[in-house]
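Novice: got a sequence here, can you model it:
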Amino acid sequence: MEKVKIANRPFGPFITALIGAKVNGKPNYTAVGAYGVVSMKPILYTSLKTTHYTTLGIKQNGYFSINIPSSDIIDKTDYCGIVSGNVKSKSNIFTPFYDKAGDAPMISECNINYLCKVIRTIPMFDFEMFLGEITAVYVNKRCLTDNKIDLVKINPTVLMDNFYCDIGKKVGEVFNEGNDLKTI
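Specialist: Numbering: from 1, shown residues only. From the prediction side, this is the model:
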């Protein structure tokens, strides 16, 4: 397989998320691809520009939500990445819900929601990386198969450089597909 060297920057793919925070008493959301797993402990991170309105809310309240939208709501998801809550309120774009564990809005229309309590903030250039302990997780019941989260039913939106796509189909089981290669 021939390799070609390209620019030194991340291109993806990234699962798109909507980061939620309460800012000045109102729900606000921003679309990102910069979030993920830190370890096998219940810790997630998100990385937001220092100047983002949502960043202000996370700092005010010490909580944020990570909401995984399906590709069915790509218009609203993309809107949250285009428009700043500092300029126009995004509090009515989605139906918020809350958990008693922390004060950050989660999005009813998203198939998976994580509520996270900030445990560490790391400045990174003109961004701030928030490490958050997961304090609550919600999933739409219709997105479960045999009581397990079904990625195909979640239908997350994938961000790839300058376009979005969705997940097509399941192609295998984790820690199972490579078992036949153990004999090599």
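
Novice: pull the contacting residues for Ala34.
Specialist: Going by CB atoms under 8 Å, 6 or more residues apart in numbering, Ala34 touches 14, 46-48, 127. Yep, even glycine has a C-beta here, placed from its N, CA and C like the rest.

Novice: check Phe14 too.
Specialist: Here Phe14 is in contact with 33-34, 158-160 (criterion: CB under 8 Å, 6+ apart).

Novice: with distance to Ala136 and secondary structure added, can I get the contacts of Ala34 in a markdown table?
Specialist: Output for these, formatted as a markdown table (distance: CB to CB, whole Å; DSSP: H, G, I helix; E, B strand; the rest coil):
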| residue | distance to Ala136 | secondary structure |
| --- | --- | --- |
| Phe14 | 23 | strand |
| Thr46 | 16 | strand |
| Ser47 | 21 | strand |
| Leu48 | 21 | strand |
| Phe127 | 25 | strand |
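
Novice: from these, pick the one nearest Lys117.
Specialist: Thr46 (12.7 Å; CB to CB).

Novice: how far away is the closest residue in space to the closest one that isn't next to it in sequence from Ile43?
Specialist: Excluding its sequence neighbours, the residue lying closest to Thr46 (CB to CB, 6 or more residues apart in numbering) is Tyr35, at 4.1 Å. Distance, Tyr35 to Ile43, using CB to CB, to the nearest Å: 12 Å.

Novice: which one's more surrounded, those two?
Specialist: Tyr35 (24 against 15; other CB atoms under 10 Å).

Novice: was I right to think the more buried one contacts Asn67?
Specialist: No: checked against CB atoms under 8 Å, the pair Tyr35 and Asn67 is beyond contact range at 10.3 Å.
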